[in-house]
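Trainee: Predicted structure and sequence below. I'll ask about it afterward.
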Amino acid sequence: MIKIESKLTKILKENLAFPESKNLQQRGIADKIESACNEIIKSNFDNVKPPRSRKSTEDISIGDIYIDHKTSDESLNFKMPNMISVDKLKKLNKTVIYNFVIYNSEKQKIIDIFAISLYQLNWDHLTIQNLGTGQLQIKNMKNFIKSPKTTMLKKEWQLRLKDEVIAFYDKLIIKTKKRQEEWQ
């Protein structure tokens, strides 16, 4: 049986084209790419469902599997994309697959497409940042693209997440106490 990540990657590589983007900024191009990905998925997979809400983890679902599109314009110098809040991650009971679409807005070209599971994301390129309760982020998209997959098993990945979240909160406590002291 072909893994869904491989099938998703193959189908999107065969069918996704760079969209008409005249007068569009980065987010507009990304929205068109993500919409096209959804249409291709609807045409090639069974049991496809739209996102549960505007703020849900998934952009589309295939059965019980959440698909979250992450687009990246390689012509930009630096990007730190948000992946998922650590609060949502702690409560997560579904498989999440990230569909990465790397494009170049200057060349108007799709450069690469690859889909990988949340627990396959390489921790060498991940960090937790202070957004809400904490946000899992890619530190530098250009570096991540070179080695996106980890060699860790899912359980190892989850233990690393726990350690990273605890360390993040420890640092946040110190920062918050310092800020509080500045007001006293």
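Mentor: Noted; the coordinates are in hand.
Trainee: Distance from the chain centre to stretch 92-106, please.
Mentor: In terms of C-alpha atoms, centre = their mean, to the nearest Å, the centre of stretch 92-106 is set 5 Å apart from its chain centre.
Trainee: One more: stretch 155-168?
Mentor: Distance, stretch centre to chain centre, for stretch 155-168: 18 Å (C-alpha atoms, centre = their mean).
Trainee: could you pull out the strands for this protein?
Mentor: With DSSP state E, the ranges of strands along the chain come out as 48-49, 60-62, 65-73, 82-85, 95-104, 109-117, 126-129, 135-138.
Trainee: so what's the closest residue in space to K154 that isn't next to it in sequence up against?
Mentor: Leaving aside its chain neighbours, K154 sits nearest to Y119 (4.4 Å; criterion: C-beta to C-beta, 6 or more residues apart in numbering). To be clear about C-beta, it is placed using only N, CA and C from the backbone, and glycine gets the same treatment. Counting by C-beta atoms under 8 Å, 6 or more residues apart in numbering, Y119 touches 150, 152, 154, 157-158.
Trainee: and if you look at N99?
Mentor: By C-beta under 8 Å, 6+ apart, the contact list for N99 reads 8, 12, 37, 67-70, 113-115.
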